[in-house]
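Trainee: please work out how this folds:
(2 chains)
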Amino acid sequence: MNDSISAICDGLEELPPPAETDAPARSLGGLPRRIKARITGFIHGAVKSDAALPARELERRLVEMGFVEGATVRIAHLGGLAGDPIGVLLDERRLVALRRQEAHFVAVQYPPEWTQ
Amino acid sequence: MTESARKLRVALVGNPNSGKTALFNALTGSRQRVANYAGVTVERKVGSLQTPVGRQLDVIDLPGTYSLRGRSPDELVARDVILGQHRQEPAPDILVCVADATNLRLILRLLLELQRTGHPAILALNMMDIARRRGVDIDLPGLSAELGIPVVPVVAVRRDGTNALLAALDTVADSLMDQTQPHAGTWREPDAEELRTLDRTARAVIDKAVRNAGHPAGFTQRLDRIVLHPVMGPIVLLVVLFLVFQAVFSWAQLPMELISAGFARLQYAITQIMPAGPLRSLLVDGVLSGVGAVVVFLPQILILFFFIILLEDFGYMSRAAFLMDRTMGRVGLHGRAFIPLLSSFACAIPGIMAARVIENPRDRLVTTMIAPLITCSARIPVYTLIIAAFVPLKTVGGIVNLQGLVMFGLYGAGIIGAIAVAWVLKRTILKGALEPLLLELPDYKLPNLRNLYRGLAMRTGFFLRRAGTIIAAAMVVLWFLSTYPSAPANALRPAIDYSFAGMLGHVLQPVLGPAGFNWEIAIALVTGLAAREVMVAALGTVYAVGTAAGAGHGLAATLAAQWTLPTALALLAWYVFAPQCMSTLAVTQRETNSWHWPLLMAGYMFVLAYVAAFGTYHLAATVLGV
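Mentor: Now for the predicted structure:
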């Protein structure tokens, strides 16, 4: 099922990233594969209370790795059939691996029609 | 003290994968020492270099880091040294910030942080050759003006690739001479907002000074399409691991035979030269046979590390961690635990040392605690001996060699044991959510031969020192215990039966008897406390069939005649969990900085070994009707 989505998305990935007001914020964790999106912030409510790191610390680590507002992200690789962890291409340049759980913390924007 | 009276100290700082170690090797060549910082297993790499004007500088290679916040033991060392808060290491005078020239943003953010420490800094743009090939165009004078520090291009892996850096070091060192006022640091831990501000500044600098950021590495993207494919990726990983282990066992065979023949020849030569007596016996039967039994594994360990360093340099190891993260996460292990556990197939000691890349102390402890359950090469001689004696050399189902199948089963049992223990630890004393996986998957690059050589030389030195000290000393003690008091002239039983070791074996026999072990095995297990493989030499002594080097088939035949099959199987089961390795316990003590964890490790392994041996013995005895 994901394959059909990614097949559609293949043709779309060259589209320019959306303007800031185009779409509601979604999370990087829910971003369809190969879709390019822009980071808009962090969803502090997405961090579970029993997580290894509190939201503030996770945010610092992500910022230190280059996950900052305005950077573009694209899920380029899936670690296994379960689709977790994910290999995220940051700014079309650096490949960083992270788990879905942490990816849900990163808010991104992209036009809604891309996911249909 | 004036600046001119002492050698200036240069610290190399940079992100992981920036080629920092390659630069360190290029700068210092053979004038380097690698040791450990006291209390932690973080490598302390110090060397010296000479600048074009003949100035001698000390160089410290700090562990790779993304921040100055000290999140892992590695990063703590880097932070403390830079801030001048380290107990062993004085503050550096000059910081060389090593950057991957194709990837400036993260390092520029770190550099802006570093500048707040007040140290003069130089930005070294490493891998300039790769960057140029990828179309990167950086306005070096512009970048230097923006940052207010010297910026030099570097190709660490090429001869003369560091000339610009050496010249810049001279310039900075000269300016330090004129400066009388010590620099004042204003660094404090940044919060997320300050990090963003730093990142924006870094981006602004890049926008001004980088004319072309270059195109992404096409080769990396093409290869990753296969290597990181959800289906193909794990298959590639399995094939890589299979080939590595194939090489470890087949390539090592000849050098191992040569080493063991060399020791046998040495023992023979000493027997010819020296008169018979306690000293000759100590040298030949004690030290040489014991050290020989350990040194014989050097080829296997070298081959395994050859591949580990090669794959690490190439950029594959972090991808393996990425592919394994989900599977390992099921039992509570972090993806980064993959490399330490892989190293443990050679020896648990480098495995435990490699665990320091895991940031969370709990996750690191789980990995440390299970590393000795992975079948290390020291178990191989014990397995080989018992399998040769008790498992018939026949083919099962037309293709599978039965002896090989048993060996495979023992490796599997070790892995299953490790998984089970990790699962239990993560749900009891080391409970807690898994640390996030935030792992950079660097562009692939050709491994550098000099790094490979340095890495292997370091491991070899470490291993040989261990063989030459701990194991040699243990062998002397063992030899003494098994030689004295000597047997009476009219002795009917083997001499060792009359010795201290023999007495100890008889004392322990009632405890080990229920697990199927006789007093001879009890002696061998006690003497094998120093290192697992010593047991083979000890069995040789107990059954008086000569020294370890010559033991081989003679010993196997003796064992086949003396032991029942359930006893042999029980001993194999014992060795899957066997706690006998003093060096592992010592490294665990140093790594965790407590006696609690090594004692727990020895304790749980002993219990598992006993239970496994007991169960195997009684099950086998019942099934076989012995």
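
Trainee: now do the contacts for residue 72.
Mentor: Using chain A here. Going by C-beta atoms under 8 Å, 6 or more residues apart in numbering or on different chains, residue A:72 touches A:17, A:36, A:37, A:38, A:39, A:90, A:91, A:92. C-betas here are computed from N, CA, C, even on glycine.

Trainee: switch to chain B, that's the one I care about
Mentor: Here residue B:72 is in contact with B:356, B:357, B:358, B:359 (C-beta under 8 Å, 6+ apart).

Trainee: and for residue B:91?
Mentor: The neighbourhood of residue B:91, defined by C-beta under 8 Å, 6+ apart, consists of B:9, B:81, B:82, B:83, B:84, B:119.

Trainee: tally of neighbours for the residue nearest to the fourth one when sequence neighbours are not counted?
Mentor: Okay, so that is residue B:83. Distances taken as C-beta to C-beta, 6 or more residues apart in numbering or on different chains place residue B:117 nearest to residue B:83, at 6.3 Å, with adjacent residues excluded. Counted by other C-beta atoms under 10 Å in any protein chain shown, the residues lying close to residue B:117 total 21.

Trainee: I'd assumed residue B:185 was in contact with residue B:117.
Mentor: Yes. Using C-beta atoms under 8 Å, residue B:117 is in contact with residue B:185, at 4.4 Å.

Trainee: intersection of neighbour lists for these two?
Mentor: Counting by C-beta under 8 Å, 6+ apart, the contacts common to residue B:117 and residue B:185 are residue B:83.

Trainee: touching, residue A:94 and residue B:103? I think so.
Mentor: Yes. With contact defined as C-beta under 8 Å, residue A:94 reaches residue B:103; the gap is 6.3 Å.

Trainee: who has more neighbours out of these two?
Mentor: residue B:103 (24 against 21).

Trainee: so that one belongs to a strand, correct?
Mentor: No. With DSSP: H, G, I helix; E, B strand; the rest coil as the criterion, residue B:103 is coil rather than part of a strand.

Trainee: you'd agree it is up against residue A:93?
Mentor: Yes. Using C-beta under 8 Å, residue B:103 is in contact with residue A:93, at 7.1 Å.

Trainee: list the contacts of the closest residue to chain A within the stretch 501-626 of chain B.
Mentor: The nearest approach of the stretch 501-626 of chain B to chain A comes at residue B:592, 19.3 Å away (C-beta to the nearest C-beta). Listed by C-beta under 8 Å, 6+ apart, the contact partners of residue B:592 are B:365, B:368, B:598.

Trainee: who in chain A is up against chain B?
Mentor: Within chain A, the residues that sit near chain B (C-beta under 8 Å from any C-beta of the partner chain) are A:48, A:50-53, A:56, A:58-66, A:68-69, A:76-85, A:87, A:92-99, A:101-102.

Trainee: list the contacts for residue B:323?
Mentor: Residue B:323 touches A:79, A:80, B:228, B:233, B:234, B:237, counting by C-beta under 8 Å, 6+ apart.

Trainee: in chain A, which spans are helices?
Mentor: Ranges of helices in chain A, per DSSP state H, are A:2-10, A:55-64, A:100-103.

Trainee: now tell me which of those the model trusts least on average.
Mentor: If you rank the helices of chain A by mean pLDDT, helix A:2-10 sits at the bottom with a mean of 43.

Trainee: before we move on, the earlier item: which of the contacts of residue A:72 sits closest to residue B:407?
Mentor: Nearest to residue B:407, judged by C-beta to C-beta, of the contacts of residue A:72 is residue A:90 at 44.6 Å.

Trainee: residue A:71 is in contact with that closest one, correct?
Mentor: Yes. Counting by C-beta under 8 Å, residue A:90 does reach residue A:71; the two are 5.8 Å apart.

Trainee: burial measure for the residue nearest to residue B:617 when sequence neighbours are not counted, as a count.
Mentor: Of all residues not flanking residue B:617 in the chain, residue B:516 sits nearest, at 3.3 Å (C-beta to C-beta, 6+ apart). Other residues within reach of residue B:516 by the criterion other C-beta under 10 Å amount to 24.

Trainee: you'd agree residue B:516 is up against residue B:567?
Mentor: Yes. In terms of C-beta under 8 Å, residue B:516 counts as a neighbour of residue B:567; the distance is 4.5 Å.

Trainee: quickly list what's touching both of these two.
Mentor: residue B:617.

Trainee: show me the contacts for the residue nearest to residue B:617.
Mentor: Residues near residue B:516 by C-beta under 8 Å, 6+ apart: B:564, B:566, B:567, B:570, B:571, B:613, B:614, B:616, B:617, B:618, B:621.

Trainee: the first one and residue B:543: what is the separation?
Mentor: Here residue B:564 is placed at a distance of 16 Å from residue B:543 (C-beta to C-beta, to the nearest Å).

Trainee: and these two? which has more neighbours close in?
Mentor: Neighbours per residue (other C-beta under 10 Å) separate residue B:564 from residue B:543, with residue B:543 holding more: 19 against 16.
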